[in-house]
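Undergrad: all I have is the shape, not the residue letters:
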């Protein structure tokens, strides 16, 4: 991986055996929301995908897989198996992320 983060425009390249596999250029006006902390509302629970969609104020809703949901992790520890995501999260409930 090669990253140029010194300028306002961030550039990251992924190489495999000397061959460019991915190049991502992020202009200064485009800010990533990944890893930030938000308060949001669960808008949709998808047990078949083991995921939820979160309205956190952006244009599009955020997506969380069950393994990224703290309440799911607690439920899994108590039950000792992989329960359905809808046992630990309900629509309209709030999450911290």
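TA: Arrived safely. Note that this is a predicted model, so its numbers are computed, not measured.

Undergrad: for this structure, which segments count as helices?
TA: For the chain, the helices defined by DSSP state H cover 70-79.

Undergrad: domain parsing of this protein, as residue ranges.
TA: For the chain, the structural domains run 1-29, 39-96, going by automatic domain parsing.

Undergrad: need the winner for burial among those domains.
TA: Burial of the domains of the chain is given as mean neighbour count (mean count of other CB atoms under 10 Å); domain 39-96 ranks first at a mean of 15. Every C-beta, even on glycine, is put in place using the N, C-alpha and C of the backbone.

Undergrad: let me have the domains of the chain in JSON lines, extended by mean pLDDT.
TA: As requested, those are arranged in JSON lines below (pLDDT from 0 to 100):
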{"stretch": "domain 1-29", "mean pLDDT": "87"}
{"stretch": "domain 39-96", "mean pLDDT": "79"}
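
Undergrad: just the strands in the protein please.
TA: Using DSSP state E, the strands of the chain run over residues 2-4, 10-16, 19-26, 39-46, 51-55, 62-65, 94-96.

Undergrad: tell me which residues touch the nearest residue to residue 1 once chain neighbours are set aside, please.
TA: Residue nearest to residue 1 in three dimensions, not counting chain neighbours: residue 14, with 5.5 Å by CB to CB, 6 or more residues apart in numbering. Contact analysis of residue 14 by CB atoms under 8 Å, 6 or more residues apart in numbering lists 1, 20, 21, 22, 23.

Undergrad: got a list of what the fourth one touches?
TA: Okay, so that is residue 22. Listed by CB under 8 Å, 6+ apart, the contact partners of residue 22 are 12, 13, 14.

Undergrad: which one of those residues is nearest residue 28?
TA: For the contacts of residue 22, the residue nearest residue 28 by CB to CB is residue 12; the value is 14.6 Å.

Undergrad: relative to residue 3, how far out is that closest one?
TA: Between residue 12 and residue 3 the computed distance is 5 Å (CB to CB, to the nearest Å).

Undergrad: next one: residue 83
TA: Between residue 83 and residue 3 the computed distance is 39 Å (CB to CB).

Undergrad: many thanks, I have nothing further to ask.
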